[in-house]
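> 3D, please:
(2 chains)
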Number of protein chains: 2
Amino acid sequence: MEKTRAVTARTSSESTRDIPEATVARLPVYLRALTTLADQGTGTCSSEELAVAAGVNSAKLRKDLSYLGSYGTRGVGYDVDYLRYQIAREIGVTQDWPVVIVGIGNLGQALANYSGFRSRGFRVVALLDADPARHDEVVAGIDVRPFDDLEQIVRDHDVAIGVIATPAVAAQDVADRMVACGITSILNFAPSVLAVPEQVDVRKVDLSIELQILAYHEQRKTQHAADPVEGASA
Amino acid sequence: MEKTRAVTARTSSESTRDIPEATVARLPVYLRALTTLADQGTGTCSSEELAVAAGVNSAKLRKDLSYLGSYGTRGVGYDVDYLRYQIAREIGVTQDWPVVIVGIGNLGQALANYSGFRSRGFRVVALLDADPARHDEVVAGIDVRPFDDLEQIVRDHDVAIGVIATPAVAAQDVADRMVACGITSILNFAPSVLAVPEQVDVRKVDLSIELQILAYHEQRKTQHAADPVEGASA
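Residues are numbered from 1 along each chain as shown, chains lettered A, B, ... in the order given. Below is the predicted model:
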């Protein structure tokens, strides 16, 4: 389980501070909002502007950024490019993260083609599938390889993060093999709960969560529309 | 923009209370954790058990559930099935939500096949694609239809929620057409920012966000491993 990945030396103390999990989860959202602002040519932004772009309230945003030692400049706001750099460094996406994707169905192919991975430092080094019929394919410029090559690929590329895009029945076996060859973070798209050792992080993507949040608001719109006073303000 | 969707009558006052957005975003996570507990045959659970299953701290969980009027029973905990019902009703997933998906590439096909939609009340009534070559296909048992059929499908099925799974360049046009025919909630998988009227909710799915959260923790594991004292406790 020894990792030899080089970590950029930090000159400040922030790398040792614990950031609350809810703040960690919002940092990628801020990074995305800042990237959008930068693409629009915005050089500085107020906390209010950034809060609107990220969809949070500005007090929470300022609190979150204070964990990174970022307070902006009074009357000027935040330097967009510098704040992007600070957040990207804090998350670790200024590093190169080799990733393997297991399961090359529609979702696996969509993920292999997803431009948002590469632009955040995630480099798909291999696509693996148990089905021999897939092993001559090339998806998104990457060869599809047998699942049994996992150990060697993880060793050759020092892979720490694995993505599971298999059917639910295969997910636990894939996770076990990933853990056995030293992968310590798993992103699970399969609709199943994985049992892994304590030191392994698993995050599960549920594609319906955002739809449920929309449904909540949609339900309330319908209720408000049924109330002529509140409905009139929409 | 008139909606005639029937809304189940509420007998309590909770439907009119504003729930904080961060709590709204966690309700689907609690629902997923409760469904897992129910599948394992668990009838009641403590707030600590549910908090662990959902990956939040238990004080936050209790606070979140208090917005729903759910406080559990001292010494017993929460009734799993009843709490599932309360949350599902609050989110609105006890209703039937007809949904259209536009863009039938790999991601659109993966979404059409995604079992997690149907089980939460989201019923895909149509798959639309601008490419005539796709219009004879059947994906996940649903006919692929021309994008120009959007207006009629929205009217026929009273669709309020649209899913965009097109390439980025097409997403704004698709959103404009959706809004024009009365869709008021959009789930956007395309890597682009959409401009929509204020009364329309857009949520953007960024498939790399969870990967960035893993990278943050992975980076810290590597740092801890380099520190023999902290590394020894892992």
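> mind giving me the domain ranges of chain A?
A:14-91, A:97-209 (automatic domain parsing).
> would you mind saying which of these lies nearest B:Arg62?
Closest to B:Arg62 of the domains of chain A is domain A:14-91 (C-beta to C-beta; 15.8 Å). (C-beta placed from N, C-alpha, C; glycine too.)
> and the closest one, does that touch chain B?
Yes: judged by C-beta under 8 Å from any C-beta of the partner chain, domain A:14-91 and chain B are in contact via A:15-16, A:22, A:24-25, A:27-29, A:31-32, A:36, A:55, A:90-91.
> and A:Lys221, what helix or strand is that in?
helix A:209-225 (DSSP states H and E).
> and that helix, what does it pack onto?
helix A:228-232, helix B:21-39, helix B:80-91, strand B:97-102, strand B:161-164, strand B:185-188, strand B:201-204 (3 or more C-beta pairs under 8 Å, 6 or more residues apart in numbering or on different chains; DSSP states H and E).
> how about the nearest residue to A:Glu137, chain neighbours excluded?
For A:Glu137, ignoring the flanking residues on the chain, the nearest one in space by C-beta to C-beta, 6 or more residues apart in numbering or on different chains is A:Val144 at 4.5 Å.
> for the one you found, grab the count of nearby residues.
21 (other C-beta atoms under 10 Å in any protein chain shown).
> dump stretch A:88-98 to PDB, restricted to CA.
C-alpha atoms of stretch A:88-98 as PDB (Å, rounded to 0.1, in the frame of the first residue of the first chain):
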ATOM      1  CA  ALA A  88      -7.200  23.700  -7.500                       C
ATOM      2  CA  ARG A  89      -4.100  23.300  -5.400                       C
ATOM      3  CA  GLU A  90      -6.100  22.600  -2.300                       C
ATOM      4  CA  ILE A  91      -8.200  19.900  -4.000                       C
ATOM      5  CA  GLY A  92      -5.100  18.500  -5.600                       C
ATOM      6  CA  VAL A  93      -6.200  18.900  -9.200                       C
ATOM      7  CA  THR A  94      -3.000  20.700 -10.000                       C
ATOM      8  CA  GLN A  95      -1.500  17.200  -9.800                       C
ATOM      9  CA  ASP A  96      -1.800  14.500 -12.400                       C
ATOM     10  CA  TRP A  97      -4.200  11.800 -11.400                       C
ATOM     11  CA  PRO A  98      -4.000   8.600 -13.500                       C
END
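> wait, A:Arg120 touches B:Leu211, no?
Yes: between A:Arg120 and B:Leu211 there is a contact under C-beta atoms under 8 Å: 7.3 Å.
> which one of those two has more residues nearby?
A side-by-side neighbour count of A:Arg120 and B:Leu211, using other C-beta under 10 Å, places B:Leu211 first with 29 against 23.
> where in chain A is the helix or strand with the lowest mean pLDDT?
Taking mean pLDDT, DSSP states H and E as the measure, the helix or strand of chain A with the lowest value is helix A:228-232, at a mean of 46.
> quick one, what contacts the residue most central in space within chain A?
What sits nearest the mean C-alpha location of chain A, by C-alpha atoms, centre = their mean, is A:Pro28, with 7.0 Å. For A:Pro28, the contact set (C-beta atoms under 8 Å, 6 or more residues apart in numbering or on different chains) comprises A:Ile91, A:Arg120, B:Asp206, B:Ser208, B:Ile209, B:Gln212, B:Ile213.
> which of those ranks first by neighbour count?
B:Gln212 (27 neighbours).
> how far away is the closest residue to it other than its chain neighbours from A:Gly103?
Nearest residue to B:Gln212, sequence neighbours excluded (C-beta to C-beta, 6+ apart): A:Pro28, at 4.0 Å. Distance, A:Pro28 to A:Gly103, using C-beta to C-beta, to the nearest Å: 23 Å.
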